[in-house]
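Participant: give me a 3D structure for the following:
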Amino acid sequence: MSLVPEPFRIAAFRSYWLARLTTTIAQIAMVIVIGWQVYGIARQTMGIKAASFQLGLIGLVQFLPLFVLTLPAGWTADRVDRRYIGRAAVTLEALCAALLAWLTWRGAITLPWLFLVAALLGVASAFAMPAMQALAPNLVPRKILPRAIALSSISWQVGAIVGPAVGGYLDAIAPHLTYTVATALFAFSVLCLFTIGPTPQTGVERNRHPWKQMVDGLHYVRTNRLVLGAISLDLFAVLLGGATAMLPVYARDILHSGPAGLGNLRAAPAVGATLSAAWFSVRPLKHNVGVKMLFAVGVFGAATIVFGWSRSMPLSLFCLALLGAADMLSVYVRQSLIQLHTPDEMRGRVGSVSSLFVGASNQLGEAESGLVAAVIGPVAQVVSGGFAAIAVVLAWAWLFPELRKARTFDVRPQPLTETAG
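Facilitator: I've put the predicted structure just below:
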């Protein structure tokens, strides 16, 4: 028996995996330095609370394009070859990285430039996320899709481990190096995407109005309570309980660890998540998947609370690794349920709605974190957010009994109805 996981025996999936890995490394390395530069520039003229609010604004600027473009991006992912969308989005990210490398090298970086690039990255993400998520099921047989999702998550999580190191340590050598390396990684990712040949893709109906086709994604999510519950659980738990936006504050003013320490803090959740994803790629979940997802989100909230109170770097790193492992379990279950419950002709539009919820939980969550931290302080914001995430789990277990009753992934997609949209 071959030791190579089944999805890796497929050349197109290997290219997809490498493209996602290198893109993730570049994206997170850029996020590290963008956040550090924003906070550093803001702290020159502002206090901790006001500078924390600037970090929140960066998240808001990235979320707004995602909010505006969700429906068109999902419709595009179901109508246009998903490989083309991925290539175009990653190319835009490469151009953003090159621009920041040039500005930083010249010493001309300013808050307006950083906010502009953050908005462009939001545009790229709005189109890339649904297209890339919908592409993966086209590359592997349905029976091994949960394994492929776990392996795909590993590529993201490994990138999330390497990315902070690339961002933090290269920035310590020379700030422009991070963006230069990110540009090269994005270019390599585009090349990988070009090696993926034509894939089977069920097109949307061409005799219906485009707007109605766009709204179909929202309608499908609204009427499929299992999918709605899984997506919205992540939205509200991470929106209220996320601590990543405050990591520059912890690195600089609470743990006093500098940019290298910030890189370690950003990498810690990915270390836990990678170990979790590696386990699921070998031993995929088979039973009580919904209850396990709810429990994982509860652990995420508890680990966030302890991290918020911690003043010890080892304890802080452990808590971040634990919440990363818990979040990965939740992501693994959620993505498997969404992909296996959704017909191929709807995956782009449902994926765009999922991306909107994920973007709201991440980018909008950063804005919420910055705003709350500006009022009550960063530590109180993180701790209260952890308690809020636990409250969300309890509420969702009651509001969406479908989650508690989800036993396995062995289901067929819910068929479309004539009244959709």
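
Participant: alpha carbons only for contacts and neighbour counts from here, please
Facilitator: Will do.

Participant: can you name the next helix or strand after the helix or strand containing Ser232?
Facilitator: Per DSSP states H and E: Ser232 is located in helix 225-241. Using DSSP H and E, the next helix or strand after helix 225-241 towards the C-terminus is helix 247-249.

Participant: am I right that Ala26 is in contact with Gly163?
Facilitator: Yes - with contact defined as Cα atoms under 8 Å, Ala26 reaches Gly163; the gap is 6.3 Å.

Participant: contacts for stretch 263-275 next, please.
Facilitator: The contact list for stretch 263-275, computed with Cα atoms under 8 Å, 6 or more residues apart in numbering, reads 32, 153-154, 157-158, 160-165, 167-169, 244, 247, 251, 316-318, 320-329.

Participant: before we move on, the earlier item: show me what the helix holding Ser232 is packed against.
Facilitator: Packing contacts for helix 225-241, counted by 3 or more Cα pairs under 8 Å, 6 or more residues apart in numbering; DSSP states H and E, involve helix 210-223, helix 289-309, helix 313-341, helix 347-359, helix 365-376, helix 378-399, helix 401-405.

Participant: next, the angle helix 289-309 makes with it.
Facilitator: With axes from the mean of the first three to the mean of the last three Cα atoms, to 10 degrees as the basis, helix 225-241 and helix 289-309 are set at 0 degrees to each other.

Participant: ok, now how distant is the closest residue to Arg407 other than its chain neighbours from Ala406?
Facilitator: In space, and not counting its chain neighbours, Arg407 is closest to Asn288: 4.1 Å by Cα to Cα, 6 or more residues apart in numbering. Distance from Asn288 to Ala406, counting by Cα to Cα, to the nearest Å: 6 Å.

Participant: stretch 177-191: which residues count as buried?
Facilitator: Within stretch 177-191, the residues scored as buried using 16 or more other Cα atoms under 10 Å are 177-190.

Participant: other residues contacting it?
Facilitator: Residues contacting stretch 177-191 (Cα under 8 Å, 6+ apart): 18-20, 22-23, 25-27, 29-30, 33, 87, 90-91, 93-95, 97-98, 100-101, 166-167, 170-171.

Participant: what does stretch 145-156 give?
Facilitator: Defining contact as Cα under 8 Å, 6+ apart, one finds that stretch 145-156 is touched by 7, 17-18, 20-21, 24, 136-137, 140, 273-274, 277-278, 280-282, 284, 328, 332, 335-336.

Participant: whichever of these end up buried, select them in ChimeraX.
Facilitator: Selecting only the buried entries of the contacts of stretch 145-156 in ChimeraX, with 16+ other Cα under 10 Å as the criterion:
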select :7,17,18,20,21,24,136,137,140,273,274,277,278,280,281,328,332,335,336
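
Participant: which ones among the contacts of stretch 145-156 are found in helices?
Facilitator: Secondary structure from DSSP state H places 17-18, 20-21, 24, 136-137, 273-274, 277-278, 280-282, 328, 332, 335-336 of the contacts of stretch 145-156 in helices.
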